[in-house]
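>>> With the sequence up front, the predicted model follows.
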Amino acid sequence: MQSFRTEIENPVVEKDILALEAKIRQFKEGNLDEEKFRSLRLARGIYGQRQPGVQMIRIKLPYGKVTSRQLRRISDVSDEYSRGRLHITTRQDIQIHYVDIDRTPELWSELEKDDVTIREACGNTVRNVTASETAGIDVDEPFDVSPYAHALFQYFLRNPISQEMGRKFKVSFSASDADTGLSYMHDLGFIAKIQDGVRGFKVMLGGGLGSQPRHADLLFDFLAADKIIPLMDGVVRVFDRYGERKSRAKARMKFLLKDLGLDGFKALLAEEQKAVPYQTYPIDAEAYPKVEVAKAEAPQVEIEDTEAFEIWKSTNLIPQKQEGYTAIGIKVLLGDFYTDKARLLADLVDQYAAGELRLSLRQNILIPYVANELIPFFYTELKRLGFVEAGYNRAVDITACPGTDTCNLGIASSTGIAEELERIIKTEYPQYISNPDVAIKISGCMNACGQHNMANIGFQGMSIRTKDKLVAPALQVLLGGGTDGDGNGRFADKVVKVPSKRGPQALRLILDDYDKNGNGKSYADYYEEKGQMYFYDFLTPLSDIENLTPDDFIDWGNTERYEKAIGVGECAGVVIDLIATLLFESEEKIQNAQESFDEKKWAASIYHSYSSMVNSAKALLTSEKAKVNTHATIIKDFDQKFIASGRIELGRGFEELVLQLNKNEPTEAFAKSYLEDATAFLKAVETFRKQELAEV
């Protein structure tokens, strides 16, 4: 592996990329533990995929905004380092697959030339900040949430308080009370509000999907906009200290909130307020880049199929609050499109719209600021690209994660069954092409990347075993989920598990019943009226596995017999802690603290010092096989095992030493003394460790 030179003007970014290149080299030379390297690369958007020897790269696009220039850059990178396919995720990112890890620093460097990052797109970090794709144009929005989402993204990118949490942390912004940002299923969800002329947000806390979905709690009916970043700063600090770290299944914010209760969490949040560097953090929305729409005349076009054009207009046009403009929704099958079309799309919006796109939570593309008189022209141009399929955000627009195509955790195919279900709706239920009410979502496993458990009709990839111990792919059918608006939502019930090849028949039975008995109700309301057992009764015959055929043992989109093969999941960035590695990390954290101090970043320096002390304590506790599930237990257990017993002398308790963090404001004087304390503590731990090893 050869070193390379970056051409990045930002020294922080350049240092980050060069550090990744050095870590890859250390790993290749056998000088960096594999599990520790996994944690490091995940925080740089590099995710192992199902196929050995290659990586998936996740490109972080805050609130789904991508300029035409950025889209061209991403396309160039995909062609050079991958296979020319772009995948839109349910968190408004773009993923590219089959990348050689040795080339990832170079890839990252190329992306950064147009201000595109992969930093913290994966791992135990603050993930991509999502938002309603209609932010800025929504006819019902009180104001554009884009500047606020962007400011929050910038504040937490590379922020030391959110680099090594127990699990990932997800944030969303909803443009209006329709809550299209899905606040109720996020760690923090913000819904735009105006109160007494002040911009602010309704705040939801502790939601999540996965195998145990949890509806978020209401934290604030209204919080002024200049308080949202200080609030999240405190929330992340509490999560970092008290959140579970050992058991991946219990490490999300929703479990901490469940254990503490909302009042208990608020009490801990109050204790962190002195440590939070800003009590208010004004966000200058007026400084956010203004939209510049291209002044282009409408070329004369002739629509050949007027009926198809009218259907497309009825499903794929979204009204804008800006007079004279309409947004166009592009339905992207399974979120996959290719770089040749991406470049042509970038050219189109550059020349005739506002030079930007928004990626949606349903894996689609939205083109804002299309002049009304240009709609026929856009239709003809998009038709050439194969981008005029009707049904944007309708029942036929099925959301699906990659499943067993590339993901290590995939149990059954989600993309294969999604394609088949879309085919069935188009051919057998064409009325649903225009139905905005029924949302169908599919995940390849319980982790819910396809958001199946908040869908009206959801499918989760599973497996079934016959009496003869033969294994076949299966689908858990879930019904009744949905978004009610203003922070309220419903999670779907698990109704029945069926062999995957019977998924289409399950959908037919569900839609036939709704068509016959729905009587104009929304699907969510109809399901609630009928109840779980009503649907179980007519779906349960499909769960019989006594009469499986050979075809039932072949998953959708495959020709080979199904084998359940689950790799090592990397969603949590699980790390096996080696004592020497931990102490080496503590030294690095001290160096980071010193660098931040030299740059006059007092709050950052303080948190690096805090992380070093907890990390050093964790190393000694690990050497004694003690539990190190949370920072809070590490602090208390270290006091008990090493300080109270007299094995290490600090002149005070470890808790008293470490938790100076939330007893002092982040001043220069405190940052300096705290760094000195962290340095002295690391030296004491290293001395103890050397003596301990010498006695063995």
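Arrived safely. Here the structure is a predicted model, which is why all the values come from computation and not from measurement. Numbering: from 1, shown residues only.
>>> quick one: contacts for V126?
Counting by C-beta atoms under 8 Å, 6 or more residues apart in numbering, V126 makes contact with E120, F156, L157, N159, S162, K168, F169, V171, V236. C-beta here means a position set from N, CA and C on the backbone, and glycine is covered the same way.
>>> what's the neighbour count on the fourth one?
So the one you mean is N159. Residue crowding around N159 was assessed by other C-beta atoms under 10 Å; the count is 17.
>>> is it true that it touches A604?
Yes - N159 is within contact range of A604, at 7.3 Å (criterion: C-beta atoms under 8 Å).
>>> domains in this structure, as residue ranges please.
Here the domain parsing of the chain from automatic domain parsing is 11-112, 130-287, 306-384, 399-553, 579-694.
>>> Dump the ones you listed into CSV; add distance to N393 and mean pLDDT as well.
Rendered in CSV, the data for those read as follows (distance: least, C-beta to C-beta, whole Å; pLDDT from 0 to 100):
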stretch, distance to N393, mean pLDDT
domain 11-112, 13, 92
domain 130-287, 9, 96
domain 306-384, 6, 97
domain 399-553, 6, 92
domain 579-694, 40, 94
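>>> closest one to A296 among those?
domain 306-384 (4.8 Å; C-beta to C-beta).
>>> Now do the strands in the stretch 201-350 of the chain.
If DSSP state E, counting those that start in this stretch is used as the criterion, the strands of the stretch 201-350 of the chain fall at 217-224, 317-319, 325-330, 336-338.
>>> Export those strands to a markdown table and append columns for distance to K295 and mean neighbour count.
Rendered in a markdown table, the data for these read as follows (distance: least, C-beta to C-beta, whole Å; neighbours: other C-beta atoms under 10 Å):
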| stretch | distance to K295 | mean neighbour count |
| --- | --- | --- |
| strand 217-224 | 38 | 16 |
| strand 317-319 | 22 | 17 |
| strand 325-330 | 13 | 22 |
| strand 336-338 | 28 | 17 |
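>>> Minimum distance to A593: which of those has it?
By C-beta to C-beta (comparing all of the strands of the stretch 201-350 of the chain), the closest turns out to be strand 217-224, at 31.1 Å.
>>> So which elements touch that closest one?
Contacts defined by 3 or more C-beta pairs under 8 Å, 6 or more residues apart in numbering; DSSP states H and E place strand 217-224 against strand 198-205, helix 253-271.
>>> what sits against R127?
With C-beta under 8 Å, 6+ apart, R127 has these contacts: R91, E120, A121, K168, F169, K170, V171.
>>> if we go to 10 Å?
Applying C-beta atoms under 10 Å, 6 or more residues apart in numbering to R127 gives the contacts 58, 60, 91, 93, 120-121, 156, 162, 168-171, 187.
>>> if we can go back for a sec, so which of the helices and strands packed on strand 217-224 gets nearest A287?
Taking C-beta to C-beta as the criterion, A287 comes closest to strand 198-205 out of those, the separation being 14.6 Å.
>>> how far does that closest one sit from the chain's center?
The chain centre lies 21 Å from the centre of strand 198-205; the measure is C-alpha atoms, centre = their mean, to the nearest Å.
>>> and it, which residues are buried?
Residues of strand 198-205 classed as buried under the neighbour-count rule (16 or more other C-beta atoms under 10 Å) are R199, G200, F201, K202, V203, M204, L205.
>>> Same question for stretch 599-608.
For stretch 599-608, the buried set under the neighbour-count rule, 16+ other C-beta under 10 Å, comprises K601, W602, A603, A604, S605, I606, Y607, H608.
>>> thinking again about what came up before, take the contacts of R127 and keep only those in strands.
In strands, judged by DSSP state E, the following of the contacts of R127 are found: R58, V171.
>>> out of the contacts of R127, who's nearest K589?
Proximity of the contacts of R127 to K589, judged by C-beta to C-beta, is greatest for S162, which lies at 14.4 Å.
>>> Would you mind naming the residues that bridge with the spatially closest residue to the closest one that is not a sequence neighbour?
The shortest distance from S162 to any residue that is not its chain neighbour, by C-beta to C-beta, 6 or more residues apart in numbering, is 4.7 Å, and that residue is V126. Beta bridges link V126 to F169 when assigned by DSSP bridges.
>>> Quick check: V126 vs D240, distance?
Taken as C-beta to C-beta, to the nearest Å, the spacing of V126 relative to D240 amounts to 11 Å.
>>> Over to V293?
In terms of C-beta to C-beta, V293 sits 43 Å off from D240.
>>> Which of the two has more residues huddled nearby?
The residue with more neighbours, out of V293 and D240, is D240; 24 against 16, by other C-beta under 10 Å.
>>> Please name the residues that touch that one.
Shown here is D240, whose contacts under the criterion C-beta under 10 Å, 6+ apart are 124, 160-166, 169, 607, 610-611, 614, 630-631.
>>> 6 Å instead?
Going by C-beta atoms under 6 Å, 6 or more residues apart in numbering, D240 touches M165.
>>> could you pull out the helices for the stretch 351-500 of the chain?
When secondary structure is read from DSSP state H, counting those that start in this stretch, the stretch 351-500 of the chain shows helices at 375-384, 415-428.
>>> Now do stretch 679-690: everything it contacts.
S586, I590, M613, S616, I648.
>>> Separate out the buried members of these.
S586, I590, M613, S616, I648.
>>> Widest-spaced pair of those residues?
Within these, I590 and I648 form the most distant pair, 17.8 Å apart (C-beta to C-beta).
>>> roughly how far out does the longest helix anywhere in the chain sit from the chain middle?
Among all segments of the chain classified by DSSP state H, the helix with the greatest residue count is helix 668-694. Relative to the centre of its chain, helix 668-694 is centred 36 Å away, using C-alpha atoms, centre = their mean.
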